[in-house]
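> sequence plus predicted model, see below.
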Amino acid sequence: MTEMNFAAARHNMVEQQIRPWEVLDQRVLDLVSRAPREDYVPEPYRQLAFADMNIPLGHGQVMMTPKLEARLLQELEIKPKDKILEIGTGSGYVTSLLATLGRHVYSVEIIPEFKTEAERKLSAHGIRNVTLEVGDGANGWDRHQPYDVILITGSLPELPDSFRRSLAPGGRMIAIIGESPVMEATLIRRLDQDNWSETSLFETDLPPLINAKRPEAFVF
């Protein structure tokens, strides 16, 4: 596929998948229209970079569908001065989008080879306002808190309280909570020091974060 064809495919992705999925924020639409998603997908799947599918990354992990990525970005209402936490760097593509919209992204990845590859791709595209770290973020990552925005890119059976406490007042977080096949994309806002609001956005299905804490089974 030529660069011209990639551009056409990207345009079709926006018009046929993303815009119909209630993504109307022009900043987000403009960003995904120009971001080179094809450079972040694994090479065997490059021709499918703009398809409406989860693209396998290995280790049981996937790139989210383009429409899900764009919808999550829209709902987070990212501002230029926001400090952002991303749990699950994956391919680095969503990291690049977050970095373009916000001030700085701290992205945590449990699989070292993912972090190394994402670092190479982000650097190649001149994206410098990111800090990539290898670690287990399934139970939170308070190293650089408080955060204005938190995006958790894998699902969680339940959300550890540490994530809520890491949000700055006025901060926004999206977590995909539940177990397959029915999970809720949930938007959480920290209203003040002791209060949070939760809004269910839509149902989806996404592989769980590695080491995600499971609810304790009730024993009779």
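Great, that's in hand.
> now the closest residue to E117 other than its chain neighbours: how far from L206?
In space, and not counting its chain neighbours, E117 is closest to G92: 7.2 Å by C-beta to C-beta, 6 or more residues apart in numbering. (Glycine included, C-beta is placed from N, CA and C.) Taking C-beta to C-beta, to the nearest Å as the measure, G92 falls 18 Å from L206.
> which one of the two has more residues nearby?
G92 (28 against 21; other C-beta atoms under 10 Å).
> correct me, but the more buried one touches A118?
Yes - using C-beta atoms under 8 Å, G92 is in contact with A118, at 3.0 Å.
> overlap in contacts, the two.
Listed as contacting both G92 and A118 by C-beta atoms under 8 Å, 6 or more residues apart in numbering are Y40, S107.
> contact partners for H11?
S33.
> make that T131, sorry
H104, V105, Y106, S107, H144.
> got phi/psi on it?
Here is the backbone geometry of T131 (degrees, to the nearest 10): phi -120, psi 110.
> buried residues in the strand ranked longest in the chain?
Longest strand in the chain, counting residues (DSSP state E): strand 167-179. By 16 or more other C-beta atoms under 10 Å, the buried positions in strand 167-179 come out as L167, G171, R172, M173, I174, A175, I176, I177, G178.
> which of these sits closest to S155?
Taking C-beta to C-beta as the measure, S155 sits nearest to I176 out of these, at 4.4 Å.
> report the central residue of this protein.
The chain has T153 as the residue nearest its centroid, 4.2 Å off, counting by C-alpha atoms, centre = their mean.
> for the helix or strand where Y106 lies, which strands pair with it and how are they oriented?
Using DSSP states H and E, Y106 falls within strand 104-109. Using DSSP bridges, strand 104-109 pairs in its sheet with strand 83-87 (parallel), strand 130-134 (parallel).
> export that strand to CSV, keeping only CA atoms.
In CSV, the C-alpha atoms belonging to strand 104-109 read as follows (Å, rounded to 0.1, in the frame of the first residue of the first chain):
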residue,chain,number,x,y,z
HIS,A,104,3.4,15.0,29.2
VAL,A,105,2.6,11.3,29.2
TYR,A,106,3.9,8.8,31.7
SER,A,107,3.2,5.4,30.1
VAL,A,108,3.8,2.1,31.9
GLU,A,109,4.3,-1.2,30.1
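> after it, which helix or strand is next?
Counting by DSSP H and E, what follows strand 104-109 is helix 112-124.
> just for this protein, where's the confidence low?
1-4, 216-220 (pLDDT under 70).
> tell me where it has strands.
Secondary structure of the chain (DSSP E): strands located at 55-58, 61-63, 83-87, 104-109, 130-134, 147-156, 167-179, 182-192, 195-204.
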